[in-house]
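[1] would you be able to build a 3D model of this:
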Amino acid sequence: MPSIHIRNFRPGDEPALRAVFHASVHGLACKDYTAEQLAAWAPQHHDAAQWAERMRANQPFIAQALGSGAIAGFADLLPNGTIDMFFVAPAFAGRGVARALMAHVHAQAQQRGIAQLQARVSLTAEPFFAAQGFVVEARQQVERAGVVLHNARMAKALVAR
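    Predicted structure coming up:
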């Protein structure tokens with residue numbers, strides 16, 4: 001596992017997070033989605049102001065590689081227990097970054113008294129979320145830019161301590 005630390009979002013992170021999101025969708029989800037689906041999900045051209053606003057609202061946790069300073073991935077946790085975004089850069093895939101982010105999300109949920117986590121999970125991420133104890137509640141078809149994508153609504157009840 002690379003040496004990473006997880007830190008809170010800082011203003012100015014938005015463009016790097018967009019790059020991780022785009023690279024993750026196109027570089028990792030490509031085995032489960034068509035080129036048309038990937039382009040609809042993470043288009044090359046996007047509204048940077050809208051993206052920045054979403055990042056500021058969600059306040060994601062950033063997995064940052066020590067040494068290089070590269071952003072290895074990011075995840076968020078909304079007040080209602082929803083994980084809205086959870087992405088790892090392809091260069092860091094399979095190296096423990098997602099596990100570290102998920103452990104951080106769990107710790108934050110515990111601190112905040114959140115009883116259940118839920119997420120809309122891509123076909124690509126579903127095995128990882130399942131390995132973390134999430135169960136599929138529903139299979140979904142969502143539309144992005146007129147293109148249908150399949151995902152799963154998954155949830156995990158947290159044990160109160």
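[2] so how far is Trp51 from Asp13?
    The gap separating Asp13 from Trp51 is 11 Å, by Cβ to Cβ, to the nearest Å. Bear in mind the C-beta positions are built from the backbone N, C-alpha and C, glycine included.
[3] tell me what the spatially most central residue of the chain is bridged to.
    The central residue of the chain, meaning the one whose C-alpha is nearest the mean C-alpha position (Cα atoms, centre = their mean), is Phe86 at 0.8 Å. When bridges are called by DSSP bridges, Phe86 pairs up with Ala75.
[4] is it true that it touches Ala119?
    Yes - here Phe86 reaches Ala119: they are 6.8 Å apart, a contact under Cβ atoms under 8 Å.
[5] all strands for this protein, in order.
    Shown for the chain, the strands assigned by DSSP state E span residues 4-8, 61-65, 71-75, 82-83, 86-88, 116-122, 135-144, 147-157.
[6] which helices and strands does the third one pack with?
    This means strand 71-75. helix 14-28, strand 61-65, strand 86-88, helix 97-112 (3 or more Cβ pairs under 8 Å, 6 or more residues apart in numbering; DSSP states H and E).
[7] buried deepest among those, which one?
    Ranked by mean neighbour count, those are led by strand 86-88 with a mean of 26 (mean count of other Cβ atoms under 10 Å).
[8] contact partners of it?
    Strand 86-88 has contacts (Cβ atoms under 8 Å, 6 or more residues apart in numbering) with 20-21, 24-25, 28, 63, 72-76, 97-98, 101-102, 105, 119, 125.
[9] just for this protein, where's the confidence low?
    Scanning the chain with the threshold set as pLDDT under 70 gives 1-2, 160-161.
[10] can you get me a residue count around Phe6?
    Actually, residue 6 is Ile. It isn't Phe. The criterion is other Cβ atoms under 10 Å. On that basis, Ile6 has 20 neighbouring residues.
[11] how about the contacts made by it?
    61-64, 100-101, 104.
[12] for these, which one is nearest Ala152?
    The nearest member of these to Ala152, counting by Cβ to Cβ, is Leu101 at 18.8 Å.
[13] please name the nearest non-neighbouring residue to the closest one.
    Leaving aside its sequence neighbours, Leu101 sits nearest to Ala75 (Cβ to Cβ, 6 or more residues apart in numbering; 4.3 Å).
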